[in-house]
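S.K.: When you get a sec, could you give me coordinates for this:
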Amino acid sequence: MRGQTIWCIGVYASASTWLFNVVRLLLLAAGNGPVKTHFFAGAGDFSAFDQPGTINIVKSHDINDAATIEALTKRAGQIFVTVRDPRDAVCSLMVYHAYDFERALKFVDAAARLCWKFASDPRAMLMMYESGFVGALGTIPRIAAHLGLNVSPVSVQAIYDKMQRSEVEKYISEMSSKPGILRDRLSGDLLDPVTH
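M.R.: Got it, this is the predicted structure:
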C-alpha cells in the first residue's frame, strides 16, 4: 500500500509556493499522518512515496521527464493547479529573479503547458492568480474541502495569518540561521527544502 500523494502544479509566479504551503499546513493541522514535501523538475525519486500512511506533497512547475509526469498522474489523489497571465508571469521572473526574456518565456511556457494538461482533470482545483485567492481568508477552507479535510476555524485563521506576506518575509529574513537550509552553489540563494 502506498502513501497518499497530493500534486501542486503551478505556472511560475502564480502563488504556487503559497498554495503548496497552505496545503502542507492544512495537512499538518489535520494530523492525518506524517507529511513529506518534494519538488520535482526532472526525474523524480518515488522511493519515499511507498511508506504507508505518509502524505507526500509534490510541488512542480515544469517537469522535463515524461515517466515522472506519468507516475505523478497515477499516484495523485488530489491536484492543485495555479495559473497566471503568462505575460505577467514572464515579467515577474524578469523583475524578481533576473531572468532574461528568452529564459523567462521558456520556463513560463513549459509550466503553462503542464498546468494546461491538468487544469480540467477531475481531481484538480484550478486557481487563477488574478482572482486574488492569495489574499482571501475563504481560500483556505476551499483548499481544505478539496483535500477532504475538516479543519477548525481557529486553524484556518492561524494558517491564514502565518501565510501573510509580512510573516513569509520575516521567515525568509531569518532563514540563514535555521537548520536544514540549503544554499545554491551558483546564485547563493537560500532554499528551505520543507517550504520551498
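S.K.: which helices and strands sit right next to the longest helix that the chain contains?
M.R.: The residue-count maximum for a helix in the chain (DSSP state H) belongs to helix 101-118. Secondary-structure packing of helix 101-118 (3 or more CB pairs under 8 Å, 6 or more residues apart in numbering; DSSP states H and E): strand 4-10, strand 76-83, helix 86-97. Heads up, the C-betas are built off the backbone N, CA and C, glycines and all.
S.K.: so which of these is the most packed in?
M.R.: Highest mean neighbour count of the helices and strands packed on helix 101-118: strand 4-10, a mean of 25 (counted as mean count of other CB atoms under 10 Å).
S.K.: thinking again about what came up before, just send the helices and strands packed on helix 101-118 back as TSV, with distance to F107 and mean pLDDT too.
M.R.: Formatted as TSV, the helices and strands packed on helix 101-118 follow (distance: least, CB to CB, whole Å; pLDDT from 0 to 100):
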stretch	distance to F107	mean pLDDT
strand 4-10	12	96
strand 76-83	14	97
helix 86-97	6	95
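S.K.: wait, which of those is closest to L126?
M.R.: Between L126 and the helices and strands packed on helix 101-118, the shortest separation by CB to CB is 5.0 Å, and it involves strand 76-83.
S.K.: What count of nearby residues applies to L72?
M.R.: By other CB atoms under 10 Å, 23 other residues sit near L72.
S.K.: which residues touch it?
M.R.: Contact analysis of L72 by CB atoms under 8 Å, 6 or more residues apart in numbering lists T5, W7, F40, G44, V58, S60, I63.
S.K.: part of a helix, is it?
M.R.: Yes. Under DSSP: H, G, I helix; E, B strand; the rest coil, L72 falls within a helix.
S.K.: can you list contacts of whichever helix or strand comes after the longest helix of the chain?
M.R.: Going down the chain from helix 101-118, the next helix or strand is strand 124-128, by DSSP states H and E. Outside strand 124-128, the residues that touch it by CB under 8 Å, 6+ apart are 15, 19, 78-84, 118-120, 133, 139, 142-143, 146.
S.K.: Looking at the contacts of L72, spot the one nearest R24.
M.R.: Nearest to R24 out of those is V58 (CB to CB; 11.2 Å).
S.K.: can I assume the closest one sits in a strand?
M.R.: Yes. Assigned with three-state DSSP, V58 falls within a strand.
S.K.: give the contact list for it.
M.R.: Contacts for V58 (CB under 8 Å, 6+ apart) come out as T5, I6, W7, C8, H38, F39, F40, G44, L72, A76.
S.K.: Equivalent analysis for D88, please.
M.R.: Counted by CB under 8 Å, 6+ apart, D88 has contacts A13, Y129.
S.K.: Please apply the same query to the one 4 residues further on.
M.R.: S92 makes contacts with Y12, A13, R84, as judged by CB under 8 Å, 6+ apart.
S.K.: low-confidence ranges in the protein?
M.R.: For the chain, the stretches with pLDDT under 70 are 1-3, 186-187.
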